[in-house]
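Undergrad: below is the sequence, then the predicted model.
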Amino acid sequence: MDNFRKNIEVIKKTNASLFGKDFLLTWDKSSEELEMLIHVAEALKNLNNANISTKCFDTGLAVSQFRDNSTRTRFSFASAANMLGLTVQDLDEGKSQIAHGETVRETSNMISFLTEIVGIRDDMYLGAGHTYMKEVADSLEDGFKEGVLPQRPAVINLQCDIDHPTQSMADLMHLKSYFGSLENLKGKKIAMSWAYSPSYGKPLSVPQGIIGLMTRYGMEVELAYPEGYDLIPEVIEIAEKNAKQSGGSFKIANSMQEAFINADIVYPKSWAPYSVMQKRTKLLYANDKDGLKDLEMACLINNAKFKNWECDAEKMKLTKNGNALYMHCLPADISGVSCNEGEVSREVFDKYRIETYKEAGFKPYIIAAMMLSSRFNDAAGLLQFIEKRDTKRIQGI
Amino acid sequence: MDNFRKNIEVIKKTNASLFGKDFLLTWDKSSEELEMLIHVAEALKNLNNANISTKCFDTGLAVSQFRDNSTRTRFSFASAANMLGLTVQDLDEGKSQIAHGETVRETSNMISFLTEIVGIRDDMYLGAGHTYMKEVADSLEDGFKEGVLPQRPAVINLQCDIDHPTQSMADLMHLKSYFGSLENLKGKKIAMSWAYSPSYGKPLSVPQGIIGLMTRYGMEVELAYPEGYDLIPEVIEIAEKNAKQSGGSFKIANSMQEAFINADIVYPKSWAPYSVMQKRTKLLYANDKDGLKDLEMACLINNAKFKNWECDAEKMKLTKNGNALYMHCLPADISGVSCNEGEVSREVFDKYRIETYKEAGFKPYIIAAMMLSSRFNDAAGLLQFIEKRDTKRIQGI
Amino acid sequence: MDNFRKNIEVIKKTNASLFGKDFLLTWDKSSEELEMLIHVAEALKNLNNANISTKCFDTGLAVSQFRDNSTRTRFSFASAANMLGLTVQDLDEGKSQIAHGETVRETSNMISFLTEIVGIRDDMYLGAGHTYMKEVADSLEDGFKEGVLPQRPAVINLQCDIDHPTQSMADLMHLKSYFGSLENLKGKKIAMSWAYSPSYGKPLSVPQGIIGLMTRYGMEVELAYPEGYDLIPEVIEIAEKNAKQSGGSFKIANSMQEAFINADIVYPKSWAPYSVMQKRTKLLYANDKDGLKDLEMACLINNAKFKNWECDAEKMKLTKNGNALYMHCLPADISGVSCNEGEVSREVFDKYRIETYKEAGFKPYIIAAMMLSSRFNDAAGLLQFIEKRDTKRIQGI
């Protein structure tokens, strides 16, 4: 429990507080707040490893709303809620429906009479996901102020059209663990690269989340993609600003190879071009099935021009000592495994398979830390209370 | 906790007991039983507001079976179960299937080996929902007597073809809170009125639940609907009998305006005519899709004759001081918001929006009170035990 | 609690241990292990009946994956998890999809960061279900060894293509309870017989589970089926070997009547021929819908030749004193009730209805015992800790 105590010391010293706040975008949060979050997540992991139950709610709900398929995040959210004593109740309104106005306002209140957390995944419609989350948050704020809700549940972004903070923060914890400290990330080069996939329409939120977050730690962040596969301009601006402030750098290349040169970390991952996502959103709203089919066809044909954007052993040789850390949010499109030609060769993936699993393993803890920090004013005090209470997670042993 | 203690005093004094009993129809219960239920619900709310955990089951299941869509009641049931420490397990047999005889008897037992509560929504088929609930209850009774089940789970009606007691009891709690006491409801006029909706086939259980319950409190209950939109005759009889016994009155008008005159409370809400529901049930049983389409068409055309049955500002002026309380079970069909023309104008709804949310907020507590009262012989004793135990709902604060 | 103490004494004395082990097939387990399991299940039942909470996990997940429909086993699994304090999280990847290789390895790890138990039903594809469970188990083993998972969740077979151990063990508990002891089963004759059903494609796992398990207790096991309705040859060999070792016998007849003569127990149940299941699996893999229809038609026509394989009063007269115990895993195809002509006559079923319900009632406890024994090294110590702790399941009474 030495590590636990070190984490508590850091949390105690911080002036940061996420109490009463939603978690929608990492760039809405101060660096102190993000650092506190990581320490809370680590402390929860320490307690769990020491078989100390971290339950801090005797009753209460954590509502999840997945407007897109999810296994990994669903289980991470469920684990996080369970770790703190909350019961998950899923809100399933059908994927196709995009609620607005009174419907959102009303439903947000109706599901929240005894709810502490509302976790939302909404990444299908560009321009809609983040907006929807803010609308839910405003509705909850209103319901709380008007005396409808006895508490104000915190909204946690489980992936929107702009950011995927539970993923990028878990990734950051993985990097901290791999390189020893956040301090050690200074000057490290990370290549966030587009990669070929035989599917289309993958959200932009992972690459955007990575460049929006990693630029804050003095890293040399290089974003690479084939011409036309741009990300949202606003996030590019944020990455540029962050890099300047943190003493790192942010560059865009149009070559995976170029980005890989001397990289300490590579993150090859497919996404759909910004402009395609804009068109797709319009077609989805119009329920234009033929239009969607045509767009998919055109997009797949264009994708196919860039099959050489595969993270293979040859390209990995370009990285620092030929030994960069490979990262992925999973599931990866592995050539010869999950598809004929994909984002990464089997050889490279197999070498880093266990690392990608460990990367994912931080997610339940970072989500639990987001939940805890938004609901408890004194996170350090609570964690010490939990340690002292010493209820065994597995009992009778 | 003063209010808590007052509630306990009342519960202690009552001779009423709901222990070991199902909750299917409010008119099966004595007024003392209903009043006790409200005090238990209020006591649970008091404890929750004081951050005292009301968990009274360390393990155990609450089974929910929704044979029709539900968000509000689903979350209320989940919250109620969670509040008491029960885990919800959903029984999903598909909506279309209507089980009978051995299937019901067997399934009821198979899901109940460690189950305390079985909550059922079954409001689609006139003549079937309530019957189904009784069949489940009989099966559980039989299983318990035969030694199959170690306990007899209580069945709670989450809306059937006849009554919607969790809604009407939450509505009653709202009225008690709004007007100060049940005593104050005496002589108050409530207009339970049909209202236009562009959809069809809405259940009769809400208006029936309201007239069946509110007539017990000395209120002047006026039911209004266009000719042909009758409710089930048996429930009309119950309302008449209740009104006579309670010193109130029960009238039927064929004009929303007439019902609104001098009303203290208005409850404008669409439903399908009794005779249409009878035809619809036959067609549903016969799986006659063309017949169902024809019936829907005919019914919508008929509905359209009554578009002026909208609760608007003009009609609200007819009510007591132009200031009656507007109620709705939600979601309402709001003109210009959720539909072009609907049950209520945007202006009226907006004025009472927060009140309708608060109305809904009583539901988790009234359901929890039904669960608790059916499973604990000494509700007052249990609540005092919970207060004294003083386990914090949110811990470490 | 006398029975509880007797159970504890037996568990204490055994050298058997299921700690850290999956439960996939009964014939992989020693007789001591199976006997221990029954005593743990009985002890859990004793505690539950005495209103003592058996919660031994303060937090933690039990993942269920049902790749085929299930109500009974789903609720038994949910009850078992709840009894021990675990929260069920369902993994729903769609029924049609058969995952392999990296997908299985990855998903198994992704759902298990805070998971204690993974329960799987996969009985549709001959040659696939058991293989899939082993693949999941290997993936978890690998993830645990590589430091991805902080604990190694145990896999529990909730029905595969080969065995249905939670059913057969619950059946064994029922026989123990009915005849007084496992010792008393020696020399008893059980007829595991095919029976006619108007449906097709029912799994082989129940009859295989029964002959693979009951042959271990010195019983005279007679398997009966119409020519061509063979089971998997490997399981037949296991049954033969078991019978020899236990001093019982194992015979195959082609007549329900012959098998029923002098039987103490009859278990008439439909299944599809082994060879049909082989063909069906190939067609399912090939997604050959026409082929599947043709096979179903041919199979139903063949089934119809054996409508006289119904367990009726006439045939029951052949059994020991005309009074054999009728068993079924439920739901049974009851002639004149759930179908026109089926596995059992209404008369026979009605006589034994309550017994079949009681038979099913052992399932939550045997599953909980499997969970507990796989996660706790000292089951007796844990159960004594639970008794001494004496937390009430229903509190305040």
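TA: Alright, I've got the coordinates. Numbering: from 1, shown residues only, chains lettered A, B, ... in the order given.

Undergrad: up against chain C, what does the stretch 251-397 of chain A have?
TA: Residues of the stretch 251-397 of chain A lying close to chain C by C-beta under 8 Å from any C-beta of the partner chain are A:330-331, A:334, A:337-338, A:349, A:353-354, A:357-358, A:360-361, A:363-364, A:391-397. The way it works is simple: take the backbone N, C-alpha and C, and place the C-beta from them, glycine included.

Undergrad: for those residues, which ChimeraX command selects only the ones that are buried?
TA: This is the ChimeraX syntax for the buried subset of those, where burial follows 16 or more other C-beta atoms under 10 Å in any protein chain shown:
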select /A:330,331,334,337,338,349,353,354,357,358,360,361,363,364,393,394,395,396
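
Undergrad: tell me which of the residues of the stretch 251-397 of chain A next to chain C fall in helices.
TA: A:349, A:353, A:354, A:357, A:358, A:360, A:361, A:363, A:364 (DSSP state H).

Undergrad: so for residue A:253, what's the nearest residue that isn't a sequence neighbour?
TA: Excluding the flanking residues, the one nearest residue A:253 by C-beta to C-beta, 6 or more residues apart in numbering or on different chains is residue A:224, at 4.4 Å.

Undergrad: what residues are up against that neighbour?
TA: Residue A:224 makes contacts with A:191, A:192, A:193, A:194, A:252, A:253, A:254, A:255, A:256, A:258, A:259, as judged by C-beta atoms under 8 Å, 6 or more residues apart in numbering or on different chains.

Undergrad: burial of residue A:138, as a residue count?
TA: Number of residues near residue A:138 (other C-beta atoms under 10 Å in any protein chain shown) recorded here: 15.

Undergrad: pretty sure it sits in a helix.
TA: Yes: assessed by DSSP: H, G, I helix; E, B strand; the rest coil, residue A:138 belongs to a helix.

Undergrad: can you pull the pLDDT of it?
TA: With respect to pLDDT, residue A:138 scores 97.

Undergrad: do the same with the one 10 residues further on
TA: The predicted structure scores residue A:148 at 98 on the pLDDT scale.

Undergrad: and it, what does it touch?
TA: Here residue A:148 is in contact with A:109, B:354, B:357, B:358, B:361 (C-beta under 8 Å, 6+ apart).

Undergrad: near chain B, which residues of the stretch 1-150 of chain A? Just list them.
TA: So far as C-beta under 8 Å from any C-beta goes, the stretch 1-150 of chain A lies against chain B at A:55-61, A:63, A:87, A:89, A:91, A:93, A:101-103, A:106-107, A:109-111, A:113-115, A:143, A:146-150.

Undergrad: give me the low-pLDDT residue ranges for chain A?
TA: A:94-100 (pLDDT under 70).

Undergrad: okay, residue A:249 and residue A:262: tell me how far apart.
TA: 13 Å (C-beta to C-beta, to the nearest Å).

Undergrad: ok, residue A:187 next?
TA: 11 Å.

Undergrad: burial measure for the residue in the stretch 251-397 of chain A that chain B sits nearest to, as a count.
TA: Closest contact between the stretch 251-397 of chain A and chain B, by C-beta to the nearest C-beta, is at residue A:385 (3.7 Å). Around residue A:385 there are 15 other residues, counting by other C-beta under 10 Å.

Undergrad: quick one, longest helix in chain A?
TA: Longest helix in chain A, counting residues (DSSP H): helix A:31-49.

Undergrad: kindly format the C-alpha coordinates of it as CSV.
TA: The C-alpha coordinates for helix A:31-49 follow below in CSV (Å, rounded to 0.1, in the frame of the first residue of the first chain):
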residue,chain,number,x,y,z
SER,A,31,-3.8,19.6,-16.2
GLU,A,32,-4.1,19.4,-12.4
GLU,A,33,-7.6,17.9,-12.8
LEU,A,34,-6.4,15.3,-15.2
GLU,A,35,-3.4,14.4,-13.0
MET,A,36,-5.7,14.1,-10.0
LEU,A,37,-7.9,11.8,-11.9
ILE,A,38,-5.0,9.5,-12.7
HIS,A,39,-4.0,9.4,-9.1
VAL,A,40,-7.5,8.5,-8.0
ALA,A,41,-7.6,5.8,-10.6
GLU,A,42,-4.3,4.4,-9.4
ALA,A,43,-5.4,4.5,-5.8
LEU,A,44,-8.6,2.6,-6.7
LYS,A,45,-6.4,0.0,-8.4
ASN,A,46,-4.1,-0.2,-5.4
LEU,A,47,-7.1,-0.8,-3.1
ASN,A,48,-8.5,-3.4,-5.5
ASN,A,49,-5.2,-5.2,-5.7
